[in-house]
Structure formats: C-alpha cells, structure tokens
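Chemist: 3D model of this:
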Amino acid sequence: MQCPSCQHTDSRVLESRAADSGRSVRRRRECLNCDFRFTTYERVETVPITVLKRNGHRETFNRSKLLHGLLRACEKTGLAPTSLELVVDEIEISLQQRAGREVSSNEIGEMVLQQLREMSDVAYVRFASVYRQFKSVSDFVSALEVLGETKPNRGKTRATLAAVP
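Modeler: As a prediction, this is how the structure comes out:
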C-alpha cells in the first residue's frame, strides 16, 4: 500500500475491523518510512451486471432503482423497508453468483415476485400489476388465482373471486 504522504510502498497494519455492514474491511496503517498514519478500505470487486430491458436497451444493474420500485409497490402494506432491502440484497447476490453477466429485466421481475409471494399478497399483486403491465381486471383476477393456488390455506380468496361479477 502506497503512503499518501511520502509514496513509500511499505506500511504495517495497526488495526483491522469490519465496515459497511461486513461488506468491507477498514484497516488503519502506518508508513514504515515516515510514520504517517492512514486508513484504507478493502472491498470485494464485483463485475457489473448488464440488464437487458424489454425494449432491447441494455443498462447496468442499479440496486437503488430496484429498491425504489419495491418501496413503491409495498407502500402501506406493512412491509418494513429493511425487509425490502434484504430482498434486493438476495437478488443482487444471486445475480453476482451467476456465470453470465447479462440478465433480462423479466428474470429480475420474476425473482422479485417469488420473494414478494412469500411476504405479502398485496405487495405481490401491486408489483405484478406494474411489472406484467396489467391491462384489465381479468389480469388481476388471474394473478390472484395464481396466488391462491400457491398458498393452499387461501381457499376463501378463491371463493371470494368467484363471487366477483
């Protein structure tokens, strides 16, 4: 590590600790040449993920954009923002572990829906309505039927759906 004061390349580590919620390591160092003390941070370098949009455009994966979409879909559903951040973390980790560096926006949307299905029915339907571009009430009914099929204790929901004119 190069000293910021004298540019000497030898230093010793005085202290190390986790930083940024365990995603990086903070190291306090001292230059062996001039005794100048400085701090460095080590982070895992990740390769950017490219998202292939529906319209054919490509853009770099943006976790804050995904989190913003989730927060909007989950407004007033009772889901804590921290739980939504964990969803985004899981999706990002899953994408980083893939062999390929390109993913379609459809795949990301399905990953989100899979997570939301377990967390909140309302959040699931709200996100699905935007992501799948619902055009009519029948699209909502279909989504609710799928939701009812995946959760066997939801028989009342199916009966309620049948009563809707």
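
Chemist: Now residue 32, what are its backbone angles?
Modeler: phi -80, psi -10 (degrees, to the nearest 10).

Chemist: Who are the contact partners of it?
Modeler: Counting by CB atoms under 8 Å, 6 or more residues apart in numbering, residue 32 touches 8, 10-12. For the C-beta atoms, the positions are set from N, CA and C on the backbone; glycine is no exception.

Chemist: per-domain residue ranges of this structure.
Modeler: Listed by automatic domain parsing, the domain ranges of the chain are 11-43, 51-115.

Chemist: CSV for the ones you listed, including mean pLDDT and distance to residue 129?
Modeler: CSV is the format used below for the domains of the chain (pLDDT from 0 to 100; distance: least, CB to CB, whole Å):
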stretch, mean pLDDT, distance to residue 129
domain 11-43, 91, 33
domain 51-115, 89, 9
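
Chemist: looking at those domains, which is closest to residue 124?
Modeler: With CB to CB as the criterion, residue 124 lies closest to domain 51-115 of these, at 6.4 Å.

Chemist: centre of the chain versus that closest one, how much separation?
Modeler: The chain centroid and the centroid of domain 51-115 are separated by 5 Å under CA atoms, centre = their mean, to the nearest Å.
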